[in-house]
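1. everything below, folded, please.
(2 chains)
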Amino acid sequence: MSAKKENRIRAPRGTSDYLPDRAASIHRLDRLAGEVFSNYGYQRIITPTFEDTALFTRSIGEASDIVRKEMYTFEDRGGRSLTLRPEATAPVVRAFIEHNLGSQSLPVKLYYFSNMFRYERPQAGRFREFWQLGVEALGSPEPSLDAEVITLAADFLRALDIREGLMKIGSMGDENCRPQYTLILQKYLEEKRDSFCPDCGERLKFNPLRVFDCKNSECQKALADAPKMIDYLCDECRDHFDGVGRLLKEVGIEFSIDPMLVRGFDYYTRTTFEIQSSQLGAQNALGGGGRYDRLVSDYGGKPTPAVGFALGIERLLAALKAEENVDLSTPRKIDVFLIVIDNEHRDQAFKLAIELRRIGLSAEVDYMNRSTRSQMKLADKMGAEYALILGPDEMARGEVVMRNLSTGEERPEKLSSVADKLGKIKGFE
RNA sequence: GUGGUUGUAGCUCAGUUGGUUAGAGCGCUGGACUGUGGCUCCGGAGGCCGGGGGUUCGAAUCCCCUCAGCCACCCCA
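-> You can find the predicted model right below:
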């Protein structure tokens, strides 16, 4: 019967089955997000699971690891190169342009809750298929929009009762100040090259900002005196950055300015932020995001400044579990369990169960020909509030026994009206 | 892609220096209680010891390969 283990097909590496408990937790996160986000005026958007490969190669950056080696890219039967989405900002921007959403009143505020795919070596908090919850607000360059998005992220964590999240904020500058700064940084790094690890030697050639991300303690030491983007912002970027910080203070968001904060995607401009948790392990970012004022126009849309973020669902769940503040699990509870004593009443039990379900009650029956005793045990295990016992004597009189399983009280009820009666007790009609 | 570490029942894990029919707890299931749950007690099912190859009279145990989990690098949510 059971297939030999060697032939058994398993879930692909880095993916997992989310069994009922975990699936329910994810569903609850999804619903809670819907509530919090809609208070902030964000509407849900669902984009395709796969996109034209070029969409990602252009936005994320040709040099990034995601594009170079982590994309699930395939050719379909029509010869198109497609890629399972590794992130959602590019698809949302694509949809924004494709459907001309910029013609609506701005900003357009969208959120998503969807699965992403990256071909990476699995690790704590890192999987090949994973879920992200995120928002994109398109159409305004105002610092208040940055502050809103950051506050939304913080408020959502607060709603979850995640307390260990540290909000870090930085700025990448814009096309006026970043290129100059990059040269200055590069020069500094070249001069101190000997103080850095070989990896950083590579980084400083094509992506010098990445050096700030290095975990090598020698590198970190050498970086202490390095020039920081924050100190080289042009006046406009400086004002913008200060504005974001000021607004966050106004609404009581705790944050720290991190001059070393670097984010992975090429498209970021000005504000970047990341929420880190001490509960997580090496992959410690619960989420992150930033402003991307150039992305829409880079794709051929009307110049549209925008800002967004994404949270990692599996990481939120891991943090919740580690903090033990909130229990997302929902123990199974049903309203009624129908107990059949004589097999000839099975059909009536089936009909009654359907009737109860149709008026809004959760009802269960035994499908395994269990003894009365075992059915009672099952009813108890399922957390049933009532048991309806279809005994032959009562059935002969057109009655069933209704037993309250928490008090043990029981009394006969008319078979024809017991569903209505239970419906009323439970507040249905 | 690189490195470390671990694979024994659905789950968590024991398994002595290689030695007969591979164990426990939980879970599942049946019964003690012939029509009534939670507690307790007794029974049962469920494993080619991740897979393949090798050493040996004999391998869950030793060796090699491979796959997978976990952790870290890299990178990122």
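2. and A:Pro303, how many neighbours?
-> Neighbours of A:Pro303 under the rule other CB atoms under 10 Å: 11. All C-beta atoms are positioned from the backbone trio N, CA, C, and that covers glycine.
3. before we move on, what SS does it have?
-> Secondary structure assignment for A:Pro303 (DSSP: H, G, I helix; E, B strand; the rest coil): coil.
4. does it really touch A:Val296, like I thought?
-> Yes - the pair A:Pro303 / A:Val296 is scored as a contact, 6.8 Å apart, by CB atoms under 8 Å.
5. can you list the residues of the stretch 201-350 of chain A near RNA strand B?
-> A:203, A:210, A:213-216, A:262-265, A:274, A:281-288, A:310-312, A:314-315, A:341 (CB under 7 Å from any atom of the strand).
6. who are the packing partners of the lengthiest helix in chain A?
-> Identified as the longest helix of chain A according to DSSP state H is helix A:20-39. In terms of contacts (3 or more CB pairs under 8 Å, 6 or more residues apart in numbering; DSSP states H and E), helix A:20-39 is packed against strand A:108-117, strand A:129-138, helix A:143-160, helix A:313-323.
7. out of those, which is the most enclosed?
-> Among these, strand A:129-138 has the highest mean neighbour count (mean count of other CB atoms under 10 Å), at a mean of 23.
8. tell me the strands beside it, with direction?
-> strand A:108-117 (antiparallel), strand A:306-312 (antiparallel) (DSSP bridges).
9. rewinding a little: filter the residues of the stretch 201-350 of chain A next to RNA strand B down to the buried ones, PyMOL style.
-> A single PyMOL command selects the buried members of those (16 or more other CB atoms under 10 Å):
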select buried, chain A and resi 203+210+214+262+263+265+274+284+285+286+287+288+310+311+312+314+315+341
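10. coming back round to it: what's next to the longest helix of chain A, contact-wise?
-> With contacts defined as CB atoms under 8 Å, 6 or more residues apart in numbering, helix A:20-39 is touched by A:18, A:44, A:111, A:113, A:131, A:133, A:135, A:152, A:155-156, A:159-160, A:313, A:316-317, A:328-330.
11. now the helices: where do they sit in the stretch 201-350 of chain A?
-> Along the stretch 201-350 of chain A, the stretches classed as helices by DSSP state H, counting those that start in this stretch are A:217-223, A:235-250, A:295-298, A:313-323, A:346-358.
12. nearest residue to A:Arg346 other than its sequence neighbours?
-> Excluding the flanking residues, the one nearest A:Arg346 by CB to CB, 6 or more residues apart in numbering is A:Val340, at 5.4 Å.
13. you'd agree A:Leu356 is up against A:Ala363?
-> Yes - counting by CB under 8 Å, A:Ala363 is a contact partner of A:Leu356 at 4.0 Å.
14. joint contacts of those two?
-> By the contact definition CB under 8 Å, 6+ apart, A:Leu356 and A:Ala363 are jointly contacted by A:335-336.
15. now the stretch 301-429 of chain A, which segments are flagged as low pLDDT?
-> In the predicted model, the stretch 301-429 of chain A carries pLDDT under 70 at residues A:325-327, A:429.
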